[in-house]
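Enquirer: quick one, fold the following:
(chains A and B)
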Amino acid sequence: MKHRLRLNSLKITAQRVQSKMHFQSMMVNIPLAWGLLFILVPSLLMLKISFSHCRLGLPPFTSLTQQIDSFFFNISIYVGNYVALISDSFYFSVVLTSFLLAAACTVACLIIGYAMAYGISRAPKRLHIVLVLLIVLPFATSFLVRVYAWMSLLNTHGVINTLLLNLGIISEPLHLLDNNYAVCIGMVYCYLPFMILPIYAALEKIDRTYIEASFDLGASKWQSFWSITFPISTPGVLAGCSLVFVPSLGEFVIPELMGGARTMTIGQTIWCEFFNNRDWPLACAMAVLMMFCFAFYIILSRILPNFTKTGV
Amino acid sequence: MPLPSMKRDIEPWQDPNAEPYIQIESISKKYAFIEAVRNVSLSIYKGELFSLLGGSGCGKSSLLRVLAGFETPTSGRVIIDGVDITDLPPYERPVNMMFQSYALFPHMTVYQNIAYGLKQESLPKNVIHEKVMESLDLIQLSSYADRKPEELSGGQKQRVALARSLVKRPKLLLLDEPLTALDKRLREQTQFELVNIQERVGITFILVTHDQEEAMTMSTRMAIMEEGRIRQVGSPHNVYEFPNSRFVAEFIGSMNIFDGVVIEDEFDHVLIDSPGANCLIHATHAGATPVGSNVSVAIRPEKVMMSQTPPAGTRNCTKGVVKEIAYLGDISVYYVELPSGVRVQSSLPNLLRLSERNVTWDDEVYLFWRAENGILLMT
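Expert: Model (predicted):
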């Protein structure tokens, strides 16, 4: 009798453990299913289209498979789209422009964002939440509204030009909008919070006694910052740089609205190929290339910190 | 390589001609709402291991932070080796600190941590290397040079923190609860290790602790602090045997205290009538205690003797019933209740095994002590 009771209780605990594991595996599987359905499947479709020919009609691309009879079919892979991307210097200049803009935006965000994050982390504790809220607050308004706000500031007849003209500092309006600088300003403004928040999180966690210990061992404020605070905050810096660099590389809206006619980024080119030229295969090939670039960047950013760790 | 050694039995504070190495002159530190340190003055001699002992919030850590330069005192001065350092920033003081949390830099190896202070002095690389290896040798962690702090045990971290703060050979080393983070067994070992290292390097240590055992084992002298003030300064022996106030008497170790009135004040003894003790207490003189003044007599539990037969004489002898016995292994503490309701502790070494002990609960026993073991305290 006693034996059976024990067995029963064992069964119950086993069931409990099983149901708990069930729940845990569900929690893992849901995001996995989401990723497969909405990220992997569209990406594979894109990959497929990138190997096809462009044609007039619906869909605007040829099929990869050609039925011969009920059992056999031909698969033809066309790599001409990729060849075009690599051989045409126009696409190279597009990628270069996008990279330079994204890099400039990331560097500017890093400098401004680090200073702001440092300022917040050194402010009295009760002010932290208020300051972080102020950083995040602009996100409550629409992204487009914020871009248009910047446009109205930088316009030829915008707030800045009107002010400078009325003050008599300039005699004719400055050309502030529709160039790469304007794109940079717009992107820095929009992506700055993504830089500030991870750096703030990293700085906030640093134990004050590390700083005190470095002072105690003879480091001045400047030396202490570069030898203790900054190295300990590098995970936040790397996270912030990724969060800014990746979306600004593929950014479409800001260069479209604030950039000049000559500013052509990857995002704009893909849009252009899709909707103006109706060349879906080429657009897909470009998107695939960009995805590989990101994958390369992510792998690199995973490996690099390990190198610096062992290198020092 | 030979290091200078200090003899511990030298007591410079007894020598009126000795020049104090560190002078803390009426330091006060006020925060917005509290006065953490109130008018503290101390003279500490070269090579001492001086402890600041007190409960939490007694101001000992604030005083330490003032010495390190992390806090500016509201008033007062700190002089080390004849130089006034009150207004110097922490990085210009000949003072190093070992933090309670050790504060080892997590992104640096053990070697880099120890070399950090030397690098700030921009010494040549080979000199730094030599000094770092020497201190790694001192703490016996030479093979751990390339480890990160997270890969070390608590005791190893503690030693690295010690090496890092000693490698610059400061004139004064401050230790903030250096052993609190270690477990009991390791703490006891480390106490002696710390004292040995201190003797070898010959640097003056000021140690903050709330653990009286730690302070008593390690220090040459200690200061008992309460509410920002220093209540007593002296060698561990002195503070334990001759506490100057009821607070110190009760803070260090355990104590039986009887309140009473002086009824006889002779040149060689004082006689106190204590209703609590149910007897007349005969004690040696300690300052002015005129007849009729209220005093307390404090007696350490280990100095209260116990027997089941009446001892000779009637003074310093009382009778009670054993109410509680705390068996601590090496000693047993007997809680004896007197007819007045006062409970007296008497601790006796367990020379015999428990089963062979003859005094047990509810036994009537006599308690007695020698006149010179009673400490007279003014109330």
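
Enquirer: which positions in the stretch 1-150 of chain B make contact with chain A?
Expert: Counting by C-beta under 8 Å from any C-beta of the partner chain, the stretch 1-150 of chain B comes close to chain A at B:68-70, B:89-92, B:95-97, B:99, B:101, B:103, B:105-107, B:112, B:116-117, B:120-121. C-betas here are computed from N, CA, C, even on glycine.

Enquirer: drop anything exposed from those.
Expert: Burial by neighbour count, 16 or more other C-beta atoms under 10 Å in any protein chain shown: within these this picks out B:68-70, B:90-91, B:95-97, B:99, B:103, B:105, B:107, B:112, B:116-117, B:120.

Enquirer: residues contacting the closest residue to chain A within the stretch 201-350 of chain B?
Expert: Closest residue of the stretch 201-350 of chain B to chain A, C-beta to the nearest C-beta: B:Ile206 (13.8 Å). Residues in contact with B:Ile206 (C-beta atoms under 8 Å, 6 or more residues apart in numbering or on different chains) are B:Ile22, B:Ile44, B:Phe50, B:Ser51, B:Leu52, B:Leu64, B:Leu67, B:Leu172, B:Leu173, B:Leu174, B:Leu175.

Enquirer: taking the residues of the stretch 1-150 of chain B next to chain A one by one, which sit in helices?
Expert: Using DSSP state H, the members of those that fall in helices are B:Ala68, B:Gln112, B:Tyr116, B:Gly117, B:Gln120.

Enquirer: run through the bridge partners of the residue of the stretch 201-350 of chain B closest to chain A.
Expert: Counting by DSSP bridges, B:Ile206 is bridged to B:Phe50, B:Leu174.

Enquirer: try B:Val261
Expert: B:Asp273, B:Asn294.

Enquirer: I figured it hits B:Asn294, correct?
Expert: Yes - with contact defined as C-beta atoms under 8 Å, B:Val261 reaches B:Asn294; the gap is 6.0 Å.

Enquirer: alpha carbons only: can I get stretch B:207-222 in PDB?
Expert: Only the C-alpha atoms of stretch B:207-222 are listed here, as PDB (Å, rounded to 0.1, in the frame of the first residue of the first chain):
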ATOM      1  CA  LEU B 207      41.000  48.800   9.700                       C
ATOM      2  CA  VAL B 208      37.200  49.300  10.000                       C
ATOM      3  CA  THR B 209      35.200  46.400  11.400                       C
ATOM      4  CA  HIS B 210      32.100  45.600  13.200                       C
ATOM      5  CA  ASP B 211      33.500  42.200  14.300                       C
ATOM      6  CA  GLN B 212      35.100  42.600  17.700                       C
ATOM      7  CA  GLU B 213      36.800  39.300  17.500                       C
ATOM      8  CA  GLU B 214      38.600  40.400  14.400                       C
ATOM      9  CA  ALA B 215      39.600  43.700  15.900                       C
ATOM     10  CA  MET B 216      40.800  42.100  19.100                       C
ATOM     11  CA  THR B 217      42.900  39.400  17.300                       C
ATOM     12  CA  MET B 218      44.500  41.700  14.800                       C
ATOM     13  CA  SER B 219      45.000  45.200  16.100                       C
ATOM     14  CA  THR B 220      47.700  46.900  18.100                       C
ATOM     15  CA  ARG B 221      45.100  49.300  19.300                       C
ATOM     16  CA  MET B 222      41.500  49.900  18.700                       C
END
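
Enquirer: for it, the distance to its chain's centre please.
Expert: 3 Å (C-alpha atoms, centre = their mean, to the nearest Å).

Enquirer: could you do stretch A:128-141 as well?
Expert: With C-alpha atoms, centre = their mean, you get 20 Å for stretch A:128-141.

Enquirer: that one: which residues count as buried?
Expert: Those would be A:Leu131, A:Val132, A:Ile135, for stretch A:128-141 by 16+ other C-beta under 10 Å.

Enquirer: got it, and stretch A:49-65?
Expert: Applying 16+ other C-beta under 10 Å to stretch A:49-65 flags A:Ile49, A:Ser50, A:Phe51, A:Ser52, A:Cys54, A:Pro60, A:Phe61, A:Thr62, A:Leu64 as buried.

Enquirer: OK, contacts around the second one?
Expert: When you say that, I think you mean A:Ser50. So A:Ser50 contacts A:Asn81, A:Tyr82, A:Pro281, A:Leu282, A:Cys284, A:Ala285, A:Ala287, A:Val288 (C-beta under 8 Å, 6+ apart).

Enquirer: how close does it sit to B:Leu123?
Expert: 61 Å (C-beta to C-beta, to the nearest Å).

Enquirer: the strands in the stretch 101-250 of chain B, which residues?
Expert: Counting by DSSP state E, counting those that start in this stretch, the stretch 101-250 of chain B has strands at residues B:172-176, B:204-209, B:221-226, B:229-234.

Enquirer: among the buried residues of stretch A:49-65, name the ones in helices.
Expert: A:Ile49, A:Ser50.

Enquirer: closest one of the buried residues of stretch A:49-65 to A:Ile120?
Expert: A:Ser50 (44.3 Å; C-beta to C-beta).

Enquirer: which residues of the stretch 201-350 of chain B fall in helices?
Expert: Counting by DSSP state H, counting those that start in this stretch, the stretch 201-350 of chain B has helices at residues B:212-218, B:236-241, B:246-251.

Enquirer: just the pLDDT for A:Ser121.
Expert: Looking at A:Ser121, its pLDDT is 94.

Enquirer: contacts only, for it.
Expert: By C-beta under 8 Å, 6+ apart, the neighbours of A:Ser121 are A:His128, A:Tyr200, A:Leu203, A:Glu204, A:Ile206.

Enquirer: run the last query once more with 6 Å
Expert: Going by C-beta atoms under 6 Å, 6 or more residues apart in numbering or on different chains, A:Ser121 touches A:Tyr200, A:Leu203, A:Glu204.

Enquirer: could you do A:Asp69 as well?
Expert: By C-beta under 6 Å, 6+ apart, the contact set of A:Asp69 is empty.

Enquirer: now it: phi and psi?
Expert: phi -140, psi -160 (degrees, to the nearest 10).

Enquirer: about what we covered before: which one of the contacts of A:Ser50 is nearest A:Phe275?
Expert: Closest to A:Phe275, out of all of the contacts of A:Ser50 and judged by C-beta to C-beta, is A:Leu282, at 12.5 Å.

Enquirer: and the closest one, what does it touch?
Expert: Here A:Leu282 is in contact with A:Asn81, A:Glu273 (C-beta under 6 Å, 6+ apart).

Enquirer: do that again at 8 Å, thanks
Expert: Counting by C-beta under 8 Å, 6+ apart, A:Leu282 makes contact with A:Ser50, A:Cys54, A:Asn81, A:Ala84, A:Leu85, A:Glu273.

Enquirer: what's the farthest-apart pair in these?
Expert: Pairwise distances across the contacts of A:Leu282 peak at 13.6 Å for A:Cys54 and A:Leu85 (criterion: C-beta to C-beta).

Enquirer: what stretches of the stretch 151-300 of chain B score poorly on pLDDT?
Expert: The model of the stretch 151-300 of chain B has no residue with pLDDT under 70.

Enquirer: how about the residues of it by chain A?
Expert: Taking C-beta under 8 Å from any C-beta as the contact definition, the stretch 151-300 of chain B meets chain A at B:Arg164, B:Ser165, B:Lys168.

Enquirer: can you lay out the residues you listed as TSV showing distance to B:Lys319?
Expert: Shown next, in TSV, are these (distance: C-beta to C-beta, whole Å):
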residue	distance to B:Lys319
B:Arg164	59
B:Ser165	56
B:Lys168	62
